[in-house]
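Participant: Next input, structure requested:
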Amino acid sequence: MSPRTSKQNSRIRDERREQILHAALKVFARCGFAAARMTDIAAEAGISTGLAYHYFASKEDLFHELVALALNTSLNVYEQAHASKGSA
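Facilitator: Model prediction:
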């Protein structure tokens, strides 16, 4: 078996990061930010807690990333609506 290419490694990292973000969103929605723990997020993602910390230094960093993604998505929707012709 040949070793993975850097492109394959990058794809795997991106997929794992998305997996953790998706799991965190579920845990934060279910438990709230204060009650959520990285161990809960890791369990939801089906990974070890150490691996979750490899991708995100803290629960706060993970939450910040989710908020930034939500804001960027909202901004993109606004920009597309604003660029469209016609009225609301």
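Participant: Show the contacting residues for residue 4.
Facilitator: Under the criterion of Cβ atoms under 8 Å, 6 or more residues apart in numbering, the contact partners of residue 4 comprise residue 12. For every residue, glycine as well, the C-beta is placed using N, CA and C.
Participant: The same query, at a cut-off of 10 Å, please.
Facilitator: The neighbourhood of residue 4, defined by Cβ atoms under 10 Å, 6 or more residues apart in numbering, consists of 10, 11, 12.
Participant: between the residues you listed, which is nearest residue 34?
Facilitator: Closest approach to residue 34 among these (Cβ to Cβ): residue 12, at 32.1 Å.
Participant: Got the confidence number for that closest one?
Facilitator: pLDDT for residue 12: 93.
Participant: same thing with residue 88?
Facilitator: 62.
Participant: name the element the residue nearest the centre of the chain belongs to?
Facilitator: Nearest to the geometric centre of the chain sits residue 21, at 2.4 Å (Cα atoms, centre = their mean). Secondary structure assignment for residue 21, by DSSP states H and E: helix 6-31.
Participant: where in the protein is pLDDT low?
Facilitator: Residue ranges of the chain with pLDDT under 70: 1, 88.
Participant: Nearest residue to residue 44 in space, please, no chain neighbours.
Facilitator: Distances taken as Cβ to Cβ, 6 or more residues apart in numbering put residue 23 closest to residue 44, at 3.8 Å, once the chain neighbours are dropped.
Participant: OK, contacts around that neighbour?
Facilitator: Residues counted as contacts of residue 23 (Cβ under 10 Å, 6+ apart) are 40, 41, 42, 43, 44, 45, 46, 47, 52, 62.
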